[in-house]
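Q: kindly generate the corresponding structure for this input.
(one chain, ligands or ions: 1)
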Amino acid sequence: MSISLLLKYFPDLTENQAEQFTKLEKLYEEWNEKINVISRKDMESLYEKHILHSLGIAKVMEFTPGTKVLDIGTGGGFPGIPLAILFPESEFTLIDSIGKKISVVNAVAEGIGLKNVTAIHGRAEKLKEKFHFVVSRAVTQMPEFLRWLKGKFEKEQFNLKHNGVLYLKGGDLAEELAGLKCEIYALKNYFDEEFFETKKVVYLSKGNFNS
Ligand SMILES: C[S@@+](CC[C@H](N)C(=O)[O-])C[C@H]1O[C@@H](n2cnc3c(N)ncnc32)[C@H](O)[C@@H]1O
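A: Below you'll find the predicted structure:
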């Protein structure tokens, strides 16, 4: 599976975006040899399990030009890099506490000419900047994650929907999200692929945390 899979669900990609997505495979392959950021098994389904999965957020939220988005615990750049390609006029900050992973993010962003990505080596809870949205995938349990968000949101609204968090999750969410005000979007409704059966985007509005 490759770029044709993305074009099936995002037919309006520009030539430049399609080229950027196409280049990702080779770049991640090269970097994975040096620094393991994606498991060997997952590399075989990079477009499905990492890139298209990350773009599930784009089916729920369209980031308008100038929107500032933080990706917490980005690892090798997911969901931040695919979203930055799709929304070239929004600004993406990708943070991870492991420096080697941030080196990969920087190399990949440079390799495909992404101008809207800043990669930071550090702990999310220590970051002092403010954003309109936070995105994330597979980083920590929700109660801890919500504590990290303190002080991270701009006061102004910047989208049709309220600013907030878009979190990619698989499996059972009931216990983790108990008591939180959130909307859950099943990715199966957007992507007709078996892999997305249990995958969801959890959208938490700012009311859930002290911003
Ligand atoms: C399971 S990986 C997920 C990586 C990526 N989001 C993905 O889905 O491929 C979790 C990542 O969160 C990072 N992480 C954990 N705690 C963090 C913190 N407090 N601040 C920043 N990054 C953190 C780890 O270094 C790791 O790269």
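Q: does the lowest-mean-pLDDT helix or strand in the chain reach the ligand?
A: Between all helices and strands in the chain, the lowest mean by mean pLDDT, DSSP states H and E belongs to helix 40-43, at a mean of 81. No. Using C-beta under 6 Å from any ligand atom, helix 40-43 never reaches the ligand; the gap is at least 8.8 Å. From N, CA and C alone the C-beta is placed, and that goes for glycine too.
Q: once you drop chain neighbours, what's closest to L6?
A: Leaving aside its sequence neighbours, L6 sits nearest to F21 (C-beta to C-beta, 6 or more residues apart in numbering; 5.6 Å).
Q: are we agreed that V202 is in a helix?
A: No. Counting by DSSP: H, G, I helix; E, B strand; the rest coil, V202 is not part of a helix but strand.
Q: quickly find the element holding the closest residue to it other than its chain neighbours.
A: The shortest distance from V202 to any non-neighbouring residue, by C-beta to C-beta, 6+ apart, is to Y167 (4.5 Å). Per DSSP states H and E, Y167 falls inside strand 164-169.
Q: sheet partners, orientation included, of that strand?
A: Strand 164-169 has its sheet partners listed here by DSSP bridges as strand 133-137 (parallel), strand 200-205 (antiparallel).
Q: before we move on, the earlier item: which residues touch the least confident helix or strand of the chain?
A: Y28, E29, N32, K49, H50 (C-beta atoms under 8 Å, 6 or more residues apart in numbering).
Q: need the next SSE after that helix, C-terminal direction.
A: Moving toward the C-terminus from helix 40-43, the first helix or strand encountered (DSSP H and E) is helix 53-60.
Q: around the ligand, pick out the residues from the protein.
A: So the chain meets the ligand at 72-75, 78, 95-98, 101, 123-125, 137-139 (C-beta under 6 Å from any ligand atom).
Q: ok, how many other residues are close to the closest residue to A107 other than its chain neighbours?
A: Once flanking residues are discounted, A107 sits nearest to W31: 6.1 Å by C-beta to C-beta, 6+ apart. Neighbourhood size, W31 [other C-beta atoms under 10 Å]: 22.
Q: pull out the buried residues from whatever helix or strand W31 lives in.
A: Using DSSP H and E, W31 maps to helix 15-34. By neighbour count on 16 or more other C-beta atoms under 10 Å, the buried set for helix 15-34 is Q17, Q20, F21, K23, L24, L27, Y28, W31, N32.
Q: still on that earlier bit, who's in contact with the residue nearest to V202?
A: Taking C-beta under 8 Å, 6+ apart, one finds V135, S136, R137, M142, F145, V201, V202, Y203, L204 in contact with Y167.
Q: which one of the contacts of helix 40-43 sits closest to the ligand?
A: Of all these, the ligand sits closest to H50, with 6.4 Å by C-beta to the nearest ligand atom.
Q: report the contact partners of the nearest residue to that closest one once chain neighbours are set aside.
A: Using C-beta to C-beta, 6+ apart and skipping residues adjacent in sequence, the residue nearest H50 is F78, 5.2 Å away. Residues counted as contacts of F78 (C-beta under 8 Å, 6+ apart) are H50, I51, H53, S54, D71, R137.
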